[in-house]
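A.B. asks: Sequence unavailable; structure follows:
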């Protein structure tokens, strides 16, 4: 039997605790976790922050700051903290959207475990928390940097899948050393942007923010690709005020704003490439190459040691670094597990298409040889 303790103050939280706390203390194998629905109280936040100090590269969305993010308003953000002997040993944050519960994205893992803890026990606790708290969800998905969660999550009927999705830069050698490791095309584009007069600065003033918003709205209208993003200036203003965890950088050409990049970060932890937008007609000036270079310089100057670029497409790979595997843990409770079946069918289809194209190229070569003789 579980009970929920709620509080009215905005700084309080919903806390799920075993009703027989003394029995839980005696049975050290029993998973114990907290479920937060709002900002935690100071004592819980202190435990959470202490945990993040023991993790090698804590990220912003795995911290209490997750509840301050304007984009999650109305989307039921939550956190599950695995507890052991009064300490947080694991943290998982996500969104409760009813039938679908997600903890992160392929480019944004949101599950962390204390490396000094009993990993399997912590993984079991987090998995149990997800299953128990979201018993009505048809699909539960969590993303992590850590493959060690797999045995315990799979025992709870989650399926594990490695995803090669994120370029991560080691910033410790310094900006100039990193520049030398860039792809030649990236270095050439940066020099081109500078030579053509593109300038980059932080978004600080109200005018800077208005210029950023103009670029963002123009980017939404591009015909070059489909963009899944919503425009909400009030949320953009709120993010702008979160200077301790977010920064925006604006590229201008002859005084006109033409591109922008946003980063988010957890001080002492990970900095992440959060978003980018640009006006198509000015992309020939290579402002986005210059922007990513300027964010790297900024991150090095502010003492960050790792920079996650959030994906691994060709534009990002030109910055060097390594492609780090991300692990997806998914529990499919849909009828006949149709989500898993659809994904498997799509994989088989892509595999057959590749084989067909390969065999077709071989046949074409044979025909060419026959008719050439």
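C.D. replies: Looks like it came in fine. Please read all numbers here as calculations on a predicted model, not as lab measurements. Numbers count the residues shown, from 1 in each chain.

A.B. asks: measure the nearest residue to residue 168 once chain neighbours are set aside to residue 355 for me?
C.D. replies: Leaving aside its sequence neighbours, residue 168 sits nearest to residue 324 (C-beta to C-beta, 6 or more residues apart in numbering; 4.8 Å). The way it works is simple: take the backbone N, C-alpha and C, and place the C-beta from them, glycine included. In this view, residue 324 and residue 355 are 30 Å apart by C-beta to C-beta, to the nearest Å.

A.B. asks: Among these two, which residue is more densely surrounded?
C.D. replies: Counted by other C-beta atoms under 10 Å, residue 324 and residue 355 do not tie: residue 324 has more neighbours, with 15 against 10.

A.B. asks: which of the residues in the helix or strand hosting that one are buried?
C.D. replies: Residue 324 belongs to strand 322-332 when assigned by DSSP states H and E. For strand 322-332, the neighbour count (16 or more other C-beta atoms under 10 Å) marks 326, 327, 328, 329, 330, 331, 332 as buried.

A.B. asks: What score does the nearest residue to residue 141 once chain neighbours are set aside have for pLDDT?
C.D. replies: The shortest distance from residue 141 to any non-neighbouring residue, by C-beta to C-beta, 6+ apart, is to residue 330 (4.6 Å). Residue 330 carries a pLDDT score of 97 in this model.

A.B. asks: and if you look at residue 268?
C.D. replies: With respect to pLDDT, residue 268 scores 91.

A.B. asks: That one - how many residues pack around it?
C.D. replies: A count of neighbours around residue 268, defined by other C-beta under 10 Å, yields 12.

A.B. asks: quick one: contacts for it?
C.D. replies: Residue 268 makes contact with 53, 58, according to C-beta atoms under 8 Å, 6 or more residues apart in numbering.

A.B. asks: hmm, back to that, just to check, the residue nearest to residue 168 is in contact with residue 147?
C.D. replies: No. Using C-beta atoms under 8 Å, residue 324 is not in contact with residue 147, being 11.2 Å away.

A.B. asks: before we move on, the earlier item: tell me the bridge partners for the residue nearest to residue 168.
C.D. replies: For residue 324, the beta-bridge partners are residue 166 (DSSP bridges).

A.B. asks: Okay, it and residue 106: tell me how far apart.
C.D. replies: The gap separating residue 324 from residue 106 is 12 Å, by C-beta to C-beta.

A.B. asks: joint contacts of those two?
C.D. replies: Jointly contacting residue 324 and residue 106 under the rule C-beta under 8 Å, 6+ apart are residue 166.

A.B. asks: before we move on, back to that, identify the residues contacting the residue nearest to residue 141.
C.D. replies: Residues near residue 330 by C-beta under 8 Å, 6+ apart: 139, 140, 141, 142, 158, 159, 161, 339, 340.

A.B. asks: Could you grab the helix/strand/coil label for the second one?
C.D. replies: Classification of residue 140 using DSSP: H, G, I helix; E, B strand; the rest coil returns strand.

A.B. asks: For residue 340, give me its contacts.
C.D. replies: 159, 330, 332.

A.B. asks: Oh, that last question was meant for residue 167, not what I typed.
C.D. replies: Listed by C-beta under 8 Å, 6+ apart, the contact partners of residue 167 are 308, 309, 311, 312, 316, 317, 319, 321, 322, 323, 324.

A.B. asks: Most neighbours out of these, which is it?
C.D. replies: residue 308 (25 neighbours).

A.B. asks: wait, that residue sits on residue 61?
C.D. replies: No. Using C-beta under 8 Å, residue 308 is not in contact with residue 61, being 11.2 Å away.

A.B. asks: can you list residues touching both of those two?
C.D. replies: Contact criterion C-beta under 8 Å, 6+ apart; residues shared by residue 308 and residue 61: none found.

A.B. asks: picking that back up, now the residue nearest to residue 141: how far from residue 130?
C.D. replies: 11 Å.

A.B. asks: Mutual contacts of these two, please.
C.D. replies: Shared contacts of residue 330 and residue 130, defined by C-beta under 8 Å, 6+ apart, are found at 140, 142.

A.B. asks: Could you check which helix or strand contains the residue lying closest to residue 66 once chain neighbours are set aside?
C.D. replies: In this structure, residue 66 finds its nearest non-sequential neighbour in residue 93, 4.7 Å apart by C-beta to C-beta, 6+ apart. Applying DSSP H and E as the criterion places residue 93 in strand 87-97.
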